[in-house]
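Trainee: Pasting the sequence and the predicted model now:
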Amino acid sequence: MIKLLPDTPKNNQPNLFHSQLRDMLDTNDPLVALAESIDWHFFDKTFSVYYSDEGRQAKPICLMVGVLLLKQIENLSDENVVLQWKRNPYYQYFCGMHEYVPALPCDSTELVKFRQRIGCRGIHICDTCLFRTGYLENQVISLYTATNQFRQGCIK
(Lines give C-alpha, C1' and ligand atoms only; values in the text may rest on other atoms or scores of the structure.)
Protein backbone atom coordinates (compact mmCIF):
# COMPACT_ATOMS: atom_id res chain seq x y z
CA MET A 1 0.00 0.00 0.00
CA ILE A 2 1.22 3.51 -0.77
CA LYS A 3 1.97 5.80 2.15
CA LEU A 4 -0.20 8.88 2.49
CA LEU A 5 1.47 12.25 2.13
CA PRO A 6 0.36 15.23 4.14
CA ASP A 7 -2.16 17.56 2.49
CA THR A 8 -1.01 19.46 -0.58
CA PRO A 9 1.70 21.93 0.51
CA LYS A 10 0.51 25.46 1.14
CA ASN A 11 3.91 27.14 0.90
CA ASN A 12 3.46 30.48 -0.83
CA GLN A 13 6.65 31.97 0.55
CA PRO A 14 8.76 33.57 -2.20
CA ASN A 15 12.03 31.86 -3.10
CA LEU A 16 15.08 34.10 -3.27
CA PHE A 17 16.50 32.29 -6.32
CA HIS A 18 13.39 31.38 -8.34
CA SER A 19 10.36 33.36 -9.45
CA GLN A 20 6.91 32.19 -8.50
CA LEU A 21 5.36 30.23 -11.37
CA ARG A 22 2.14 32.26 -11.25
CA ASP A 23 4.11 35.50 -11.78
CA MET A 24 5.42 34.16 -15.11
CA LEU A 25 2.03 33.08 -16.51
CA ASP A 26 -0.82 34.85 -18.24
CA THR A 27 -3.44 34.96 -15.48
CA ASN A 28 -6.19 35.09 -18.13
CA ASP A 29 -5.24 31.65 -19.45
CA PRO A 30 -8.13 29.16 -19.15
CA LEU A 31 -5.99 26.61 -17.28
CA VAL A 32 -5.04 29.20 -14.65
CA ALA A 33 -8.72 30.09 -14.19
CA LEU A 34 -9.70 26.43 -14.04
CA ALA A 35 -6.98 25.64 -11.48
CA GLU A 36 -8.28 28.42 -9.25
CA SER A 37 -11.90 27.28 -9.56
CA ILE A 38 -11.27 23.69 -8.43
CA ASP A 39 -11.47 22.77 -4.75
CA TRP A 40 -8.23 20.78 -4.54
CA HIS A 41 -8.63 20.15 -0.80
CA PHE A 42 -11.81 18.23 -1.60
CA PHE A 43 -9.72 15.75 -3.60
CA ASP A 44 -7.17 15.47 -0.76
CA LYS A 45 -9.93 14.67 1.72
CA THR A 46 -11.89 12.36 -0.59
CA PHE A 47 -8.99 10.28 -1.92
CA SER A 48 -6.91 10.09 1.27
CA VAL A 49 -8.96 7.02 2.31
CA TYR A 50 -7.23 5.06 -0.46
CA TYR A 51 -3.81 5.54 1.15
CA SER A 52 -2.00 4.02 4.13
CA ASP A 53 0.49 5.33 6.65
CA GLU A 54 2.86 2.51 5.70
CA GLY A 55 5.05 1.95 2.65
CA ARG A 56 6.78 4.44 0.40
CA GLN A 57 5.49 7.97 0.17
CA ALA A 58 3.00 8.71 -2.58
CA LYS A 59 2.87 11.60 -4.98
CA PRO A 60 0.59 14.41 -3.76
CA ILE A 61 -3.06 13.72 -4.55
CA CYS A 62 -3.43 17.20 -6.06
CA LEU A 63 -0.63 16.41 -8.52
CA MET A 64 -2.08 13.07 -9.57
CA VAL A 65 -5.63 14.40 -9.95
CA GLY A 66 -4.30 17.42 -11.85
CA VAL A 67 -2.35 15.27 -14.30
CA LEU A 68 -5.38 13.02 -14.75
CA LEU A 69 -7.62 16.03 -15.48
CA LEU A 70 -5.06 17.50 -17.91
CA LYS A 71 -4.87 14.18 -19.71
CA GLN A 72 -8.61 14.32 -20.29
CA ILE A 73 -8.84 18.04 -21.07
CA GLU A 74 -6.04 17.87 -23.66
CA ASN A 75 -6.91 14.37 -24.93
CA LEU A 76 -3.39 13.03 -24.32
CA SER A 77 -2.04 9.57 -23.57
CA ASP A 78 -0.55 8.83 -20.16
CA GLU A 79 2.96 9.04 -21.64
CA ASN A 80 2.31 12.34 -23.42
CA VAL A 81 0.60 14.13 -20.52
CA VAL A 82 3.57 13.31 -18.26
CA LEU A 83 6.03 14.61 -20.86
CA GLN A 84 3.97 17.72 -21.60
CA TRP A 85 3.71 18.44 -17.86
CA LYS A 86 7.50 18.67 -17.72
CA ARG A 87 7.55 21.10 -20.66
CA ASN A 88 4.51 23.25 -19.84
CA PRO A 89 4.51 25.67 -16.88
CA TYR A 90 0.72 26.09 -17.20
CA TYR A 91 0.30 22.35 -16.58
CA GLN A 92 2.57 22.59 -13.56
CA TYR A 93 0.66 25.54 -12.13
CA PHE A 94 -2.61 23.70 -12.73
CA CYS A 95 -1.29 20.82 -10.60
CA GLY A 96 -0.34 23.07 -7.68
CA MET A 97 3.33 23.77 -8.31
CA HIS A 98 4.62 27.15 -7.15
CA GLU A 99 7.93 26.94 -9.02
CA TYR A 100 8.89 25.42 -12.37
CA VAL A 101 10.05 21.80 -12.02
CA PRO A 102 12.28 20.53 -14.87
CA ALA A 103 11.41 16.88 -14.23
CA LEU A 104 8.61 14.44 -14.95
CA PRO A 105 5.86 14.55 -12.30
CA CYS A 106 5.59 10.76 -12.20
CA ASP A 107 6.01 7.72 -14.39
CA SER A 108 3.13 7.18 -16.79
CA THR A 109 2.40 3.82 -15.15
CA GLU A 110 1.65 5.67 -11.91
CA LEU A 111 -1.42 7.19 -13.60
CA VAL A 112 -2.72 3.70 -14.30
CA LYS A 113 -2.15 2.73 -10.67
CA PHE A 114 -3.79 5.96 -9.46
CA ARG A 115 -6.90 5.31 -11.59
CA GLN A 116 -7.07 1.80 -10.17
CA ARG A 117 -6.65 3.12 -6.64
CA ILE A 118 -9.46 5.69 -6.82
CA GLY A 119 -11.68 3.33 -8.78
CA CYS A 120 -14.88 4.09 -10.67
CA ARG A 121 -16.21 6.35 -7.92
CA GLY A 122 -13.03 8.48 -7.96
CA ILE A 123 -13.06 8.75 -11.72
CA HIS A 124 -16.70 9.84 -11.61
CA ILE A 125 -15.74 12.53 -9.07
CA CYS A 126 -13.03 13.81 -11.45
CA ASP A 127 -15.49 13.82 -14.37
CA THR A 128 -18.04 15.70 -12.29
CA CYS A 129 -15.45 18.28 -11.28
CA LEU A 130 -14.78 19.18 -14.91
CA PHE A 131 -18.47 19.43 -15.72
CA ARG A 132 -19.25 21.58 -12.67
CA THR A 133 -16.55 24.10 -13.51
CA GLY A 134 -18.15 24.61 -16.92
CA TYR A 135 -14.76 24.19 -18.56
CA LEU A 136 -16.02 21.41 -20.78
CA GLU A 137 -19.70 22.29 -20.89
CA ASN A 138 -20.16 21.46 -24.58
CA GLN A 139 -18.01 18.36 -24.67
CA VAL A 140 -18.86 14.82 -23.71
CA ILE A 141 -15.95 13.52 -21.68
CA SER A 142 -15.18 10.52 -19.60
CA LEU A 143 -12.01 9.48 -17.87
CA TYR A 144 -13.33 5.92 -18.20
CA THR A 145 -11.78 5.76 -21.65
CA ALA A 146 -8.28 5.90 -20.12
CA THR A 147 -7.79 2.22 -20.83
CA ASN A 148 -10.15 -0.34 -22.29
CA GLN A 149 -9.32 -2.79 -19.53
CA PHE A 150 -10.15 -0.27 -16.80
CA ARG A 151 -13.31 0.80 -18.60
CA GLN A 152 -14.54 -2.79 -18.69
CA GLY A 153 -14.22 -2.94 -14.90
CA CYS A 154 -16.15 0.31 -14.37
CA ILE A 155 -19.03 0.10 -16.79
CA LYS A 156 -21.42 -2.75 -16.12
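Mentor: The structure has been received and is ready for your questions.
Trainee: quick check, distance from the helix or strand containing residue 114 to the centre of its chain.
Mentor: Following DSSP states H and E, one finds residue 114 within helix 108-133. Relative to the chain's own centre, helix 108-133 is displaced by 9 Å; criterion: Cα atoms, centre = their mean, to the nearest Å.
Trainee: Contact partners for the residue most central in space within the chain?
Mentor: Closest to where the C-alpha atoms of the chain average out (Cα atoms, centre = their mean) is residue 66, at 1.5 Å. Each residue near residue 66 by Cβ atoms under 8 Å, 6 or more residues apart in numbering is listed here: 35, 40, 91, 94, 95, 96. Every C-beta, even on glycine, is put in place using the N, C-alpha and C of the backbone.
Trainee: 6 Å instead?
Mentor: Listed by Cβ atoms under 6 Å, 6 or more residues apart in numbering, the contact set of residue 66 reads 94, 95.
Trainee: and it, how far is that from residue 55?
Mentor: Residue 66 is 22 Å from residue 55, where distance means Cβ to Cβ, to the nearest Å.
Trainee: likewise residue 101?
Mentor: Taken as Cβ to Cβ, the span from residue 101 to residue 55 is 24 Å.
Trainee: Between the two, point out the one with more neighbours.
Mentor: residue 101 (14 against 11; other Cβ atoms under 10 Å).
Trainee: pLDDT wise, what is the closest residue to that one other than its chain neighbours at?
Mentor: In this structure, residue 101 finds its nearest non-sequential neighbour in residue 92, 6.0 Å apart by Cβ to Cβ, 6 or more residues apart in numbering. pLDDT, residue 92: 97.
Trainee: got it, and residue 56?
Mentor: 84.
Trainee: That one: how many residues sit nearby?
Mentor: Counted with other Cβ under 10 Å, residue 56 comes out at 7.
Trainee: swap in the one 3 residues further on?
Mentor: Burial of residue 59 is recorded as 16 neighbouring residues (other Cβ under 10 Å).
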